[in-house]
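Peer 1: need coordinates for the below:
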Amino acid sequence: MEIPTYEEDENSEEDLNNQQSFNVTDSQDEEGNQHEESTSTTDEETESTSTTDEETESTSTTDEETESSSTTDEETESTSTTDEETESTSTTDEETESTSTTDEETDQQKTDSERVCKKYGISFHQLSQVKILMRTHTENKPYSCKECDKGFSRISNLKRHMRIHTGEKPFSCKECEKSFRDVLHLNTHMRIHTEEKPFSCKECKKYFSFLSHLKIHMRTHTGEKPFTCKYCDKCYSYSSHLNTHMRIHTGERHFSCKYCGKCIRDEYDLKIHMRIHTGEGPFSCKYCDKCYSYSSHLKTHMRTHTGEKPFSCKKCKKSFHDGSNLKSHMIIHTGEKPFSCKECDKSFSFLSNFKRHMKSHI
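Peer 2: From the prediction side, this is the model:
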């Protein structure tokens, strides 16, 4: 029987050790591989988890973005709604302003219409002035005089009227110290001193200091004769002419000539009559320097220079310088004999023939 040597045992042991070492190594390698694989798997899981986290984060981010976008949309919608409300409010304000402007214009037009006199169409700055004027149309006279019960539409008119009863004349002329009850009469009076003539005739351009004088003058152009004699219905343009005419019917003669004692009906005629005694001839001819006491005589005389013959006979068409010559001529056609002799009852057509006849009785 052979006994194994040491060497074989040693080799066997080394082999065994090697085999064990190899097995350990393999086991370790397997464990390492398993650990690496497990680690790898863990890394993969970790990576997958990281990816999931990233996806989750991305999803969260997307959700946030979606939410933010939704919020933005809501804000945009809210902003749009606010803009629409603002625009609507602005439109409402504009409509309100337009309505207010229309109301103001309506009120202004109403106020303007109230400041116009409905009867004459005169505009005033103040409504109170229109109301005062309207009293004159409606005969509303709330202010009454305690002395005579006369009514007035303005208190200022009543105060001025009261001066008639009190005799007060607070406005005095500095030129002649004449006094007046109101300043209007004083201003009118002052034109006498200043010779101001603010009123002019449109027909002949003649100027007047007083409106009343212009109105009277206009009757010469219109031919108006508002003053009528109650005895003979004769009409006159001026009241003074009517008064003078009335003295023919009444026989009244207030004025007498101091030279011959002749009674004259009015002062104007007396002044003209006085020229007979004084020889005054204020009217002179510019062609021959002849003077006349009456303007009518000068006008008749001027026709001898101009050759004008405005008075024509309707029977024979003969013309004359003045109306008296025409009247004398008409007797030839009518056969009238207005001049009668009281001694022999003989009649004559012309005054000159009558005078010559009267000498035959002397």
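
Peer 1: when you work out contacts or count neighbours from here on, use the C-alpha atoms and nothing else.
Peer 2: OK.

Peer 1: against T188, how distant is E195?
Peer 2: 11 Å (CA to CA, to the nearest Å).

Peer 1: cool, K327 as well?
Peer 2: In terms of CA to CA, K327 sits 46 Å off from T188.

Peer 1: who has more neighbours, E195 and T188?
Peer 2: Remark: of E195 and T188, T188 carries more neighbours, 13 against 10, as counted by other CA atoms under 10 Å.

Peer 1: the more buried one reaches F208, doesn't it?
Peer 2: No: between T188 and F208 no contact is recorded; they are 11.8 Å apart, counting by CA atoms under 8 Å.

Peer 1: low pLDDT regions in this structure?
Peer 2: 1-122, 124-139 (pLDDT under 70).

Peer 1: show me how it divides into domains.
Peer 2: The chain breaks down into these domains under automatic domain parsing: 141-203, 286-362.

Peer 1: of all those, which one is nearest K258?
Peer 2: Proximity to K258, assessed across the domains of the chain by CA to CA, is greatest for domain 286-362 (18.3 Å).

Peer 1: can you give me the end-to-end span of that closest one?
Peer 2: 44 Å.

Peer 1: and what of stretch 215-229?
Peer 2: First-to-last residue span, stretch 215-229, CA to CA: 21 Å.

Peer 1: for stretch 331-343, same thing?
Peer 2: Per CA to CA, stretch 331-343 runs 23 Å from first to last residue.

Peer 1: next, the buried residues of it.
Peer 2: Using 16 or more other CA atoms under 10 Å as the test for burial, stretch 331-343 gives F339.

Peer 1: contacts for stretch 282-294, please.
Peer 2: Contact partners of stretch 282-294, identified using CA atoms under 8 Å, 6 or more residues apart in numbering, comprise 272, 275-276, 279-281, 295, 298, 301-302, 305.

Peer 1: please identify the buried residues of it?
Peer 2: Of the residues in stretch 282-294, those buried (16+ other CA under 10 Å) are 283-284, 291-294.

Peer 1: how about those residues in CSV, adding distance to F152 and secondary structure?
Peer 2: Listed next are the buried residues of stretch 282-294 as CSV, based on distance: CA to CA, whole Å; DSSP: H, G, I helix; E, B strand; the rest coil:
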residue, distance to F152, secondary structure
F283, 51, strand
S284, 54, strand
C291, 56, strand
Y292, 54, strand
S293, 51, coil
Y294, 49, coil
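
Peer 1: skip the chain neighbours and tell me the closest residue to F354.
Peer 2: Once flanking residues are discounted, F354 sits nearest to F348: 5.8 Å by CA to CA, 6 or more residues apart in numbering.

Peer 1: if we can go back for a sec, now render the domains of the chain as TSV, adding distance to K225.
Peer 2: Listed next are the domains of the chain as TSV, based on distance: least, CA to CA, whole Å:
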stretch	distance to K225
domain 141-203	18
domain 286-362	22
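
Peer 1: and R265, which of those is closest to it?
Peer 2: Closest to R265 of the domains of the chain, according to CA to CA: domain 286-362, at 17.8 Å.

Peer 1: contacting residues for I155?
Peer 2: I155 neighbours (CA under 8 Å, 6+ apart): Y143.

Peer 1: can you start the count at 268 instead of 1 from here on
Peer 2: Noted, 268 is the first residue going forward, which turns the last one into I422.

Peer 1: Y474 contacts E462, correct?
Peer 2: No: checked against CA under 8 Å, the pair Y474 and E462 is beyond contact range at 10.6 Å.

Peer 1: can you give me the end-to-end distance of stretch 598-608?
Peer 2: Using CA to CA, the two ends of stretch 598-608 sit 18 Å apart.

Peer 1: again, but for stretch 480-499
Peer 2: End residues of stretch 480-499 are separated by 27 Å (CA to CA).

Peer 1: name the residues that touch that stretch?
Peer 2: By CA under 8 Å, 6+ apart, stretch 480-499 touches 466-468, 470, 474-475, 501-506, 509, 512-513, 516.

Peer 1: just the strands in the stretch 518-629 of the chain please.
Peer 2: Assigned by DSSP state E, counting those that start in this stretch, the strands in the stretch 518-629 of the chain fall at 522-523, 530-531, 550-551, 558-559, 578-579, 586-587, 606-607, 614-615.

Peer 1: need those strands in a markdown table (columns: distance to P409).
Peer 2: Listed next are the strands of the stretch 518-629 of the chain as a markdown table, based on distance: least, CA to CA, whole Å:
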| stretch | distance to P409 |
| --- | --- |
| strand 522-523 | 48 |
| strand 530-531 | 50 |
| strand 550-551 | 57 |
| strand 558-559 | 60 |
| strand 578-579 | 61 |
| strand 586-587 | 65 |
| strand 606-607 | 69 |
| strand 614-615 | 73 |
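
Peer 1: nearest to H432, of the ones you listed?
Peer 2: Of the strands of the stretch 518-629 of the chain, the one closest to H432 (CA to CA) turns out to be strand 522-523, at 33.6 Å.

Peer 1: partner strands of that closest one and their direction?
Peer 2: Using DSSP bridges, strand 522-523 pairs in its sheet with strand 530-531 (antiparallel).

Peer 1: in helices only, show me the contacts of stretch 480-499.
Peer 2: Applying DSSP state H to the contacts of stretch 480-499, the entries found in helices are 506, 509, 512-513, 516.

Peer 1: could you tell me which of those count as buried?
Peer 2: Among these, the ones that count as buried by 16+ other CA under 10 Å are 509, 512-513.
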